[in-house]
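K.L.:
My questions concern the predicted model and sequence given below.
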Amino acid sequence: MLIRVNKFLSSDALSFNVNENFVIDDEDFLAKTHLDKNIEFSGDIFKVEDSVLLTGTIKYTFADVCARCLEDFDNTVVTKFEAVIVSKLSEDEESDEIQLVITDGCVNLDEIIKQMIYLSMPMKSLCKQDCKGICPTCGVNLNLEECKCENNLTDPRFNKLKDLLKD
């Protein structure tokens with residue numbers, strides 16, 4: 001995804017808004033992430049003193065499996081990032097800021113969007129916040145039906161404590 005910034009940089013405007021639908025063509029990346037290839041990007045470019053800043057928001061959807069009930073669902077993630085737009089990369093290896101280079105009056109966001117997607121993908125996802133999961137005894141999905149198992153299973157180490165409650 002290319003953003004043309006040359007007109008903005010030569011103008012007197014202090015900010016520039018970008019809202020784009022982005023399509024990822026990298027089939028290998030799509031296969032690894034189970035990502036829907038349509039990505040929503042919105043951002044603002046600001047002139048701040050001697051630098052140019054980009055604040056962006058990426059919204060994407062990917063096929064996921066719930067960590068509790070093991071059902072497939074489409075997970076939607078929104079992630080934000082900030083970057084500095086520069087004419088050439090800084091030699092400073094210690095910098096934590098993301099730098100985007102202007103080439104021919106444009107900034108290419110392809111690589112940074114892929115990196116932000118990788119970094120923001122959740123390690124464990126739930127199909128819904130109150131997912132009940134599956135029964136550890138019979139394997140029934142507790143979101144769909146009620147379990148018929150007896151729930152009187154206790155840890156045998158606590159049997160002595162039951163005797164205290166009988167009095």
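P.N.:
Received the coordinates, thanks. Residues are numbered from 1 along each chain as shown.

K.L.:
OK, contacts around Ala13?
P.N.:
Residues near Ala13 by CB atoms under 8 Å, 6 or more residues apart in numbering: Lys47. No exception for glycine: its C-beta is placed from N, CA and C like everyone else's.

K.L.:
Distance from the chain centre to the helix or strand bottoming out on mean pLDDT in the chain, please.
P.N.:
Lowest on mean pLDDT, DSSP states H and E among the helices and strands of the chain sits helix 6-10, with a mean of 75. On the basis of CA atoms, centre = their mean, to the nearest Å, helix 6-10 sits 31 Å off its chain's mean C-alpha point.

K.L.:
Give me the nearest residue to the residue most central in space within the chain, chain neighbours excluded.
P.N.:
Nearest to the mean C-alpha position of the chain, by CA atoms, centre = their mean, lies Ser120 at 3.3 Å. Spatial nearest neighbour of Ser120, excluding adjacent residues (CB to CB, 6 or more residues apart in numbering): Thr79 at 3.7 Å.

K.L.:
For the one you found, the count of nearby residues, please.
P.N.:
By other CB atoms under 10 Å, 15 other residues sit near Thr79.

K.L.:
Flag every buried residue along stretch 123-136.
P.N.:
Buried positions in stretch 123-136, judged by neighbour count with 16 or more other CB atoms under 10 Å: 125-127, 131, 134-135.

K.L.:
now, which of the residues you listed lie within strands?
P.N.:
In strands, defined here by DSSP state E, there are no members of the buried residues of stretch 123-136.

K.L.:
Rebuild those residues as CSV, extending it with distance to Thr55.
P.N.:
Formatted as CSV, those follow (distance: CB to CB, whole Å):
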residue, distance to Thr55
Ser125, 26
Leu126, 29
Cys127, 31
Cys131, 33
Ile134, 41
Cys135, 46
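
K.L.:
list the contacts for Phe46?
P.N.:
Counting by CB under 8 Å, 6+ apart, Phe46 has contacts 14-15, 52-55.

K.L.:
now for the longest helix along the chain, which elements pack on it?
P.N.:
Using DSSP state H, we find that the single longest helix of the chain is helix 110-120. Helix 110-120 is packed against helix 27-33, strand 38-48, strand 51-65, strand 72-86, with contacts defined by 3 or more CB pairs under 8 Å, 6 or more residues apart in numbering; DSSP states H and E.

K.L.:
So which bits of the first one are buried?
P.N.:
I take that to be helix 27-33. So for helix 27-33, counting by 16+ other CB under 10 Å, buried means Thr33.

K.L.:
Nice, that's everything, thank you.
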